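*Asks:* coords please:
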Amino acid sequence: MERFSTHAYGVVFAEVAVDERLGLVRVRRVLGVYGAGRVINPGLAESQAIGGLVGGIGMALLEHTVTDPRDGRIVNANLADYLVPTNADAPDVNAVHLTGDDRTADPIGVKGLAEVVIVGVAPAIANAVFHATGRRVRDLPITIEALL
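*Replies:* Numbering: from 1, shown residues only. Predicted structure coming up:
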């Protein structure tokens, strides 16, 4: 294990549209490509990847805990006030799983897919926002105030 990397890996590409006057960011499409060794259950792997991509969209643009500075209480402590992505926030989300197995990592050639599907989404969206606006945003979620 000292000579080989046995971790799953992935890359995420994002395309966004930004309203220049309002500073609103909309995700147009996201593609995730993952190398997780042999995929035993393709349907489950696809669902895991799509869920992670949509969760990453929420992390990048919507999800934020707001606290009241007067008493430290959480202002958006329920799902009515805490924004999460919906189908309208993720119009074109796709995942590709590279074929192959890795017998060095595991006797049956599989690797984990769990967290690798979400970690690259917010940076990909932030980079797409940078390319669209010229503004480098380093705090999440990417808000209107950060773009104006």
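
*Asks:* and V25, that one's in a helix?
*Replies:* No: assigned with DSSP: H, G, I helix; E, B strand; the rest coil, V25 falls outside any helix and is strand.

*Asks:* ok, it touching I142?
*Replies:* Yes: under the criterion of Cβ atoms under 8 Å, V25 makes contact with I142 at 5.9 Å. For the C-beta atoms, the positions are set from N, CA and C on the backbone; glycine is no exception.

*Asks:* remind me, longest helix of the chain?
*Replies:* helix 42-61 (DSSP state H).

*Asks:* how much space between A95 and A146?
*Replies:* 28 Å (Cβ to Cβ, to the nearest Å).

*Asks:* those two: who's more crowded?
*Replies:* A95 (22 against 17; other Cβ atoms under 10 Å).

*Asks:* ok but the more buried one is inside a helix, no?
*Replies:* No: if the criterion is three-state DSSP, then A95 is strand and not within a helix.

*Asks:* need the contact list for it.
*Replies:* 31-34, 46, 49-50, 53, 117 (Cβ atoms under 8 Å, 6 or more residues apart in numbering).

*Asks:* just give the closest residue to it, not the sequence neighbours.
*Replies:* A49 (3.4 Å; Cβ to Cβ, 6 or more residues apart in numbering).

*Asks:* hang on, the one you found packs against Y34?
*Replies:* Yes: A49 is within contact range of Y34, at 6.2 Å (criterion: Cβ under 8 Å).

*Asks:* give the residues shared as contacts by the two.
*Replies:* With Cβ under 8 Å, 6+ apart, A49 and Y34 have common neighbours 95, 97, 113, 117.

*Asks:* name the member of those residues with the most neighbours.
*Replies:* Busiest of those [other Cβ under 10 Å] is V117, holding 25 neighbours.

*Asks:* quick one: that one and G32 touch, right?
*Replies:* Yes: counting by Cβ under 8 Å, V117 does reach G32; the two are 6.2 Å apart.

*Asks:* buried ones in the lowest-mean-pLDDT helix or strand in the chain?
*Replies:* Scoring the helices and strands of the chain by mean pLDDT, DSSP states H and E places helix 144-147 at the bottom, with a mean of 89. Within helix 144-147, the residues that count as buried by 16 or more other Cβ atoms under 10 Å are 146-147.
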